[in-house]
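J.: the sequence and its predicted three-dimensional model are supplied below.
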Amino acid sequence: QRLPLVMDYWCTLWFWPIEKAHLLPTRHEFLLEIGSVLEGTVRAAQSIRRTQGEMFAPEQASFTVADEYGLVDVIDFCKGSERLTLVREIAGKHRFLHWELEFADIFAKAGGFDLILGNPPWIRVEWNEGAVMGDVHPYYALRAFSAPDLAERRDKTIEVDVGLRALYLDEYVEFEGTQAFLNAVQGYPLLAGSQCNTYKCFVTLAWDIGCGVQGFLHPQGVYDEPAAGALRVSLYRRLRYHFYFINQRKLFAEIGNTRDFAINIYGRPATLPRFKHMSNLFSPATVDASFSHNGDGRVSGIKDDQDSWNELGHSHRIVTIDESVLKIYGKLYDDSNATPLNVRLPSIHSRELVSVLGKIVSYPEKMGQIAGDYKPTAMWDETNAVKVTHTIRRETQFTSSPGRWIISGPHIYVANPMFQSPRRVCDSHRAYDLLDLSVLPDEYMPRTNYVPDCDDDSYRQRTPEVAWASGKRVQLERERFGRRHMHAFLL
């Protein structure tokens, strides 16, 4: 009972009630009390000298509870202290789990768990004041108040509703304590600097308490978050299999198709990283089919010939990621300070693409060396250009001239600005028709979803200039021989 109480005591410091702040212990009081609990004595804390001069002073006589009362009864011991009583109340509410104590026999015999499986919660701990207030007064949750308006209404409501103040403070302590606890380097050192999410805590905890294999289903954030480099250093050495799923088949209907996830199999840390990677998966059946495939035939794409999500397996869909491949990724996607162990992990559809990326990396001339010879631009931002500056407006039509043809994302594919044309009624991402360049007449121009909404002079003045020629702007022109080309445009 003593050791769990001491470990609970440390955890409760993160969740201490605001209204009981006067009971928070100093460092000296904390050491004194845990020494009393562990040994039934104040010797441990009393012998800690505060100054060098006291190091040579006579040791104070220690009072041993066990000497007078026998073995320490933790419950009775806490009853005599208002602070320790509060510690037990907070611990009872949060039910802190100390794995090494609860499963002491497993850790003593094997050093941890041989197998850990789970789908941990994907929760970003964020303060939602409106939701807290809405528990008592629902209109706070139903209406979208601005931050100043919400603060003013909150103060007035708390003045009227006395019970709401206690609820509000209790929820705030819960939020602040949880966020501080999950972000603390004392408990989760590998997560320092990265975005706080509960699944990351579960994964790193599993590495601490596991001595065999761990399998988790969790989001992709750990692989592409720039600030998670320290976490990836440990992750890549433990990772054995990584299967990245796109949720188009609604395998998890509650998250829709907007959030992707991965099956991740971890093991004991290796000296060098080496794991199997598959991406663009829509069904677990593709994984099994790929591992049993004989390697014949070409690798199919993300969609099949019927424009359905492709679930066919192929052995070349399995990409072996080792230090050499991670070096390629680092040179392509990360800065010069990246190492093979902390680089971000892109989604690679097949092993052939790794070879292509290797060729790109080996090419001597980089875009950074020709920075003045190209101009990256978003051209017209849909929100500002339509609603603020009124440079363009939404209107699907065939244009009268190339100068009025505004290209948007669906028009474009690899080196092809005429990949698709919007339908007459273009009200979704599916309302487009594919174009066959081999049969299009020279004068053909696809429909556009946007047209200029200002006079020609204003439209030209608002068009971005290129970096290598003053006054020259991004534009589309037609040569006299009927061929179409882009001037000063980078796709």
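T.: Looks like it came in fine. Numbers count the residues shown, from 1 in each chain.
J.: quick one: low-confidence ranges for the stretch 101-250 of the chain?
T.: In the predicted model of the stretch 101-250 of the chain, residues 141-142 satisfy pLDDT under 70.
J.: mind listing the strands for it?
T.: 113-118, 210-218, 239-245 (DSSP state E, counting those that start in this stretch).
J.: pick the most buried one from those.
T.: Across those, the average number of neighbours (mean count of other C-beta atoms under 10 Å) peaks for strand 239-245, which reaches a mean of 20. (C-beta placed from N, C-alpha, C; glycine too.)
J.: can you list the strands that that strand pairs with?
T.: Paired strands of strand 239-245, with direction, are strand 261-266 (antiparallel), strand 274-281 (parallel) (DSSP bridges).
J.: tabulate the CA atom coordinates of the first one in CSV.
T.: The C-alpha atoms that make up strand 261-266 are tabulated as CSV, following Å, rounded to 0.1, in the frame of the first residue of the first chain:
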residue,chain,number,x,y,z
PHE,A,261,-4.8,5.4,-40.3
ALA,A,262,-2.2,2.6,-40.2
ILE,A,263,-1.6,-0.8,-38.7
ASN,A,264,1.8,-0.7,-37.0
ILE,A,265,3.7,-3.7,-35.7
TYR,A,266,6.6,-3.0,-33.3
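J.: tell me which helix or strand Glu29 sits in.
T.: Glu29 belongs to helix 27-39 when assigned by DSSP states H and E.
J.: tell me the buried residues in that helix?
T.: Buried residues in helix 27-39, counted by 16 or more other C-beta atoms under 10 Å: Phe30, Leu31, Leu32, Glu33, Ile34, Gly35, Ser36, Val37, Glu39.
J.: check stretch 409-416 too.
T.: So for stretch 409-416, counting by 16+ other C-beta under 10 Å, buried means Pro410, His411.
J.: ok, now stretch 266-275?
T.: Within stretch 266-275, the residues that count as buried by 16+ other C-beta under 10 Å are Tyr266, Gly267, Pro273, Phe275.
J.: how about the nearest residue to the third one, chain neighbours excluded?
T.: In space, and not counting its chain neighbours, Pro273 is closest to Tyr236: 3.9 Å by C-beta to C-beta, 6 or more residues apart in numbering.
J.: go on, the last one?
T.: The shortest distance from Phe275 to any residue other than its chain neighbours is 4.4 Å, reached at Leu239 (C-beta to C-beta, 6+ apart).
J.: can you tell me how far that neighbour is from Pro346?
T.: 15 Å (C-beta to C-beta, to the nearest Å).
J.: same question, Leu182
T.: Applying C-beta to C-beta to Leu182 and Pro346 gives a distance of 28 Å.
J.: more neighbours: the two, which one.
T.: Each of Leu182 and Pro346 has its neighbours counted (other C-beta atoms under 10 Å); Leu182 has more, 18 against 15.
J.: okay but the more buried one is in contact with Cys196, surely?
T.: Yes - using C-beta atoms under 8 Å, Leu182 is in contact with Cys196, at 5.2 Å.
J.: what touches both of these two?
T.: Val125 (C-beta atoms under 8 Å, 6 or more residues apart in numbering).
J.: now do the same end-to-end measure for stretch 363-380.
T.: 33 Å (C-alpha to C-alpha, to the nearest Å).
J.: gap between that stretch and the chain center?
T.: 29 Å (C-alpha atoms, centre = their mean, to the nearest Å).
J.: in that stretch, what counts as buried?
T.: Under the neighbour-count criterion of 16+ other C-beta under 10 Å, stretch 363-380 has Lys375, Trp380 buried.
J.: residues in contact with the longest helix along the chain?
T.: Looking across the chain with DSSP state H, the single longest helix is helix 162-183. Contacting residues not belonging to helix 162-183 are listed as 11, 14-19, 125, 127, 132-133, 135-137, 154, 157-158, 187-188, 191, 196, 198, 201 [C-beta under 8 Å, 6+ apart].
J.: go on, stretch 413-421?
T.: By C-beta under 8 Å, 6+ apart, stretch 413-421 touches 407, 410-412, 432-435, 437, 440, 446-447, 484, 486, 491.
J.: the host helix or strand of Ile90 packs against which elements?
T.: Per DSSP H and E: Ile90 is located in helix 82-94. Helix 82-94 sits against helix 2-12, helix 27-39, helix 74-79, with contacts defined as 3 or more C-beta pairs under 8 Å, 6 or more residues apart in numbering; DSSP states H and E.
J.: try 7 Å this time
T.: Here helix 82-94 is seen to pack against helix 2-12, helix 74-79 when contacts are counted using 3 or more C-beta pairs under 7 Å, 6 or more residues apart in numbering; DSSP states H and E.
J.: pLDDT below threshold where in the stretch 351-491 of the chain?
T.: 471, 474-491.
J.: which residue ranges form the strands in it?
T.: 392-397, 420-422, 432-434, 448-452, 475-478, 484-487.
J.: what does the pLDDT read for Glu68?
T.: Looking at Glu68, its pLDDT reads 47.
J.: any idea how many residues pack against Tyr333?
T.: 14.
J.: can you name the residues that contact it?
T.: Val343, Arg344, Pro346 (C-beta atoms under 7 Å, 6 or more residues apart in numbering).
J.: state the distance from the last one to Pro464.
T.: For Pro346, the distance to Pro464 under the criterion C-beta to C-beta works out to 29 Å.
J.: and the second one, by the same measure?
T.: Using C-beta to C-beta, one gets 29 Å for the distance from Arg344 to Pro464.
J.: more neighbours: these two, which one.
T.: Comparing Arg344 with Pro464 by other C-beta under 10 Å, the one with more neighbours is Arg344, at 19 against 14.
J.: kind regards, and thank you for your time.
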